[in-house]
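Q: Fold the following and give me the result.
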Amino acid sequence: MILITGASGSVGKTVLQEVRKSGAKHRAMYRSAVEAVKAPTGTDTVIADFAKQETLSAALKGVASVYLVCSPIPELVQLESNMIDACLAAGVKQVVLNSAMGAGDYGKSFPSWHRKVEDNLRDSRLSYTILRPNSFHQNVVAFFAPSIRAQSMFYGSMQNARNSFIDVRDIAAVAVKAFAGEEHAGKIDELNGPEALDYPELARLISKAAGREVKYVDIPMEA
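A: Residues are numbered from 1 along each chain as shown. Okay, here's the model as predicted:
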């Protein structure tokens, strides 16, 4: 049995879809019944919360493998560490952790939070695979679409930095491979998209797809 946490999130939902297609026995973890009713047909569901240790043992009953993901919030280290502890107590064999690009060497913000969880997982007795994806391609729509629709512009403080966006469906495909075989065990997989774009280049691609000019506006870090 594979437990997919964060099953209502952008990556967790996609991992759930891929695991379901693989035919593996699985369970989806949600924080509310409102979200759980949206689970795909044939998916076992459970209501649990990383912050409520007593709910995790029920979620992990009969589970051998866990896909672990949490929103990038300051409580991430404690919440995901709670789940690692619960996995050990429940006899789970394998955890596939959704971390972030930069977790190995970036000491600020959410990459550093992910690194602390990575260290906790590596120090445990659990078999693990750590996935470090770069920015999700879907975040372009999630974060930039409103100002593009309203102003034909999107904003950031990237200057000329490049970003290799990755589709969450590709992350899900790697997660399913990690569940299916031993070749990913004990490994850290850094996941990149097919090309590194600066944001003016991204604006040109959006313009081409949208059929109208879209501009990237860089905000100086001082501002």
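Q: Please enumerate residues in contact with the helix or strand bottoming out on mean pLDDT in the chain?
A: Lowest mean confidence among the helices and strands of the chain (mean pLDDT, DSSP states H and E): helix 109-123, at a mean of 89. Residues from elsewhere that reach helix 109-123 (CB atoms under 8 Å, 6 or more residues apart in numbering): 72, 74, 76-77, 80-81, 84, 95, 97, 99-104, 106, 128, 130, 132, 188. Using the backbone N, CA and C atoms, a C-beta is placed for each residue, glycine as well.
Q: Give me the subset of the residues you listed that lies in helices.
A: Using DSSP state H, the subset of the contacts of helix 109-123 located in helices is 76-77, 80-81, 84.
Q: max-length strand in this structure?
A: strand 127-133 (DSSP state E).
Q: how far off helix 109-123 does that strand point, in degrees?
A: 160 degrees (axes from the mean of the first three to the mean of the last three CA atoms, to 10 degrees).
Q: if you average pLDDT over the following helix or strand past strand 127-133, what comes out?
A: The helix or strand immediately downstream of strand 127-133 is helix 138-139, counting by DSSP states H and E. For helix 138-139, the mean pLDDT works out to 92.
Q: And for stretch 195-207?
A: What stretch 195-207 shows for mean pLDDT is 96.
Q: So that it lines up with my notes, have the first residue be 50 from now on.
A: Sounds good: first residue 50 from here, last item stretch 244-256.
Q: and that stretch, how far from the chain's centre?
A: 23 Å (CA atoms, centre = their mean, to the nearest Å).
Q: go on, stretch 56-76?
A: On CA atoms, centre = their mean, the centre of stretch 56-76 falls 12 Å from the chain's centre.
Q: Kindly format the C-alpha coordinates of it as CSV.
A: Output of stretch 56-76 as CSV, limited to C-alpha atoms (Å, rounded to 0.1, in the frame of the first residue of the first chain):
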residue,chain,number,x,y,z
ALA,A,56,-3.3,14.6,-2.2
SER,A,57,-5.2,17.8,-2.9
GLY,A,58,-2.0,19.8,-3.8
SER,A,59,-0.6,20.4,-7.2
VAL,A,60,2.1,17.7,-7.0
GLY,A,61,0.4,15.3,-4.6
LYS,A,62,-2.7,15.2,-6.8
THR,A,63,-0.6,14.4,-9.8
VAL,A,64,1.4,11.7,-8.0
LEU,A,65,-2.0,10.2,-6.9
GLN,A,66,-3.1,10.1,-10.6
GLU,A,67,0.2,8.4,-11.6
VAL,A,68,0.1,5.8,-8.8
ARG,A,69,-3.5,5.0,-9.6
LYS,A,70,-2.6,4.5,-13.3
SER,A,71,0.2,2.1,-12.3
GLY,A,72,-2.4,-0.2,-10.6
ALA,A,73,-0.6,-0.1,-7.2
LYS,A,74,-2.7,-0.3,-4.1
HIS,A,75,-2.9,3.2,-2.7
ARG,A,76,-4.5,5.5,-0.2
